[in-house]
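Asks: Sequence and computational prediction follow.
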Amino acid sequence: MTAADPFTMPLIAPFTGLRPAAGRAAELIAPPYDVMDTAEARALVAGRPWSFLHLSRPEVDFPADQCPDDPVCFARAATTLARMQAAGLLRRDARPCYYCYRLIRGAQVQTGLVVAASLAAYRKGRIRRHEVTLAAKEEGRVLQIAALNAQTGPALLIHRRLPQIDDTLAAITRGEPDVDILAADEVRHTLWPIADQPLIDLLTAGFEVQQRLYIADGHHRTAAAKRIGTARQAANPEHTGAEAYNRFLAVSFPADVLQVLSVNRLVRDLNGLGAADFLRRVAARFTVTASPVPVLPDRPGEFGLYLDESRDQIGHRAWYRLTLDPRRIPPADPVARLDVRLLQDQLLVPILGLGDPRHDPRIDFVGGIRGLEGLMQPVDSGAMRLAFSLYPTALSDLFAVADRGETMPPKCTWFETKLADGMVSLVLD
């Protein structure tokens, strides 16, 4: 058979989704695997034998010392998925569909489209990434996808607004959803399957006029899907380009409905410095102002510092507002001017001696959704010596970096509201 030209394949395609049976979604859906540690995942699956965390974090079904990426864990996940299907908890749609997916968290409403996105477009750069992935994290997702023969966690994509897409989804959401549940975190998840061919054609055409899509969240899932697709294409002498492994599971939203939060920093020690000496060195690059209240930066180039000074017998922990000397901000480089990079280049490396943040064990990260209390707790407990709060990265900066084919430093963005695993899965047969 002749392989399809990958660059003439549609940017998105409908697919026969594997979904919870009627009335069972609340038992199955789970937060994304990468927003929690193993202990938190174990707590979330307590009393929930069918949670998708048994598929995405299968180490929860093993003793606490089990390596999460051991193939035996993913073999257990495959067995669990088969049991879910045999018990009738999951069903496969009879014909290819798109799925309109709406999330509501408080006043935030975001409505997007669940699609099978083109890996050829991802390889070519029409679907753009903005992060460097870690080989070890990629490998874990490769093992999970290969064991399940399915992608169970969607990537989050961003598209430009287009009336053709907006109006079509608005009309669909006026009907009754197939799924409507309130999750434990008070996020409401609603889903409308779209099986009508004229509507499918309208949405496919609407995305075809998009110059680019952008990966907001799910870089490792997407990179893993690419590796699986490449390997299966090489092993398939009958490859046509139309196989499910040529695509990855994604939900695409217009940019203006997404909430972007910061990813804040924690550091274990002061690199051998005393607190007073550390603050003097910081003051050579930043304006340092003591703050009687926790500091949530209100503009780029500003940072909050929460410092444990008690180990120097000063006797307290204190907040400071750090404002970087604007002469130290490169005006034309979209990567170097990012706050995450400025903090790295102006403080974490030269003063605290930190290495690559992807590997240095002295640094850790806290998503902005946990608030300043979640940032302060590791310092208050003594696990960390200091913490930094950052101003959120703007989507315009993400676009600028991605459009140049460059990547941002690790942990630049935290997108809310998070997609649920288990609403729709893409089977790779």
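Replies: Perfect, thanks for sending it.
Asks: just checking, what's the longest strand in this protein?
Replies: Across the chain, the strand with the greatest residue count (assigned by DSSP state E) is strand 108-118.
Asks: can you give me the helices in the stretch 301-429 of the chain?
Replies: Assigned by DSSP state H, counting those that start in this stretch, the helices in the stretch 301-429 of the chain fall at 339-343, 371-380, 395-403.
Asks: where's the first one relative to the chain centroid, distance-wise?
Replies: Going back to what we said before, that points to helix 339-343. Relative to its parent chain, helix 339-343 has a centroid offset of 20 Å by C-alpha atoms, centre = their mean, to the nearest Å.
Asks: Against which helices or strands is it packed?
Replies: Here helix 339-343 touches strand 386-390, going by 3 or more C-beta pairs under 8 Å, 6 or more residues apart in numbering; DSSP states H and E. The way it works is simple: take the backbone N, C-alpha and C, and place the C-beta from them, glycine included.
Asks: go again using 10 Å as the cut-off
Replies: strand 263-267, strand 302-308, strand 317-324, strand 386-390 (3 or more C-beta pairs under 10 Å, 6 or more residues apart in numbering; DSSP states H and E).
Asks: most packed of the ones you listed?
Replies: Stretch with highest mean neighbour count among these: strand 386-390 (a mean of 25; mean count of other C-beta atoms under 10 Å).
Asks: can you give me the angle it makes with strand 302-308?
Replies: 160 degrees (axes from the mean of the first three to the mean of the last three C-alpha atoms, to 10 degrees).
Asks: I'd like the helices and strands packed on helix 339-343 as CSV, with mean pLDDT and distance to residue 85 appended.
Replies: As requested, the helices and strands packed on helix 339-343 are exported to CSV (pLDDT from 0 to 100; distance: least, C-beta to C-beta, whole Å):
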stretch, mean pLDDT, distance to residue 85
strand 263-267, 97, 36
strand 302-308, 97, 48
strand 317-324, 96, 52
strand 386-390, 98, 43
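Asks: Ok, which of the ones you listed comes nearest residue 378?
Replies: Evaluated over these, closeness to residue 378 peaks at strand 263-267, with 5.4 Å, by C-beta to C-beta.
Asks: and that closest one, which strands flank it?
Replies: Strand 263-267 has its sheet partners listed here by DSSP bridges as strand 363-367 (antiparallel), strand 386-390 (antiparallel).
Asks: nearest residue to residue 329 other than its sequence neighbours?
Replies: residue 337 (5.6 Å; C-beta to C-beta, 6 or more residues apart in numbering).
Asks: can you redo the helices of the stretch 301-429 of the chain as CSV with mean neighbour count, mean pLDDT and distance to residue 139?
Replies: Shown next, in CSV, are the helices of the stretch 301-429 of the chain (neighbours: other C-beta atoms under 10 Å; pLDDT from 0 to 100; distance: least, C-beta to C-beta, whole Å):
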stretch, mean neighbour count, mean pLDDT, distance to residue 139
helix 339-343, 22, 96, 25
helix 371-380, 17, 95, 28
helix 395-403, 19, 93, 24
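Asks: For residue 16, find the nearest of those helices.
Replies: When the helices of the stretch 301-429 of the chain are compared by C-beta to C-beta, helix 395-403 sits nearest residue 16, at 30.9 Å.
Asks: Using CSV, write out every CA atom in that closest one.
Replies: What follows is helix 395-403, C-alpha atoms only, in CSV (Å, rounded to 0.1, in the frame of the first residue of the first chain):
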residue,chain,number,x,y,z
LEU,A,395,1.3,33.4,26.6
SER,A,396,2.7,36.0,24.2
ASP,A,397,6.2,35.0,25.5
LEU,A,398,5.4,31.4,24.9
PHE,A,399,4.4,32.1,21.4
ALA,A,400,7.4,34.2,20.7
VAL,A,401,9.8,31.5,21.9
ALA,A,402,7.9,28.7,20.1
ASP,A,403,7.7,30.7,16.8
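Asks: And that helix, what does it pack against?
Replies: Where contact means 3+ C-beta pairs under 10 Å, 6+ apart, helix 395-403 is packed against strand 127-128, strand 155-159, strand 213-217, strand 259-261.
Asks: Can I get those strands in a markdown table including mean neighbour count and distance to residue 71?
Replies: Below are these laid out as a markdown table (neighbours: other C-beta atoms under 10 Å; distance: least, C-beta to C-beta, whole Å):
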| stretch | mean neighbour count | distance to residue 71 |
| --- | --- | --- |
| strand 127-128 | 24 | 29 |
| strand 155-159 | 24 | 24 |
| strand 213-217 | 23 | 26 |
| strand 259-261 | 16 | 35 |
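Asks: which stretch among the ones you listed comes nearest residue 202?
Replies: Closest to residue 202 of these is strand 155-159 (C-beta to C-beta; 14.6 Å).
Asks: Direction included, what does that closest one pair against?
Replies: Sheet pairing of strand 155-159 (DSSP bridges) gives strand 213-217 (antiparallel), strand 247-254 (parallel).
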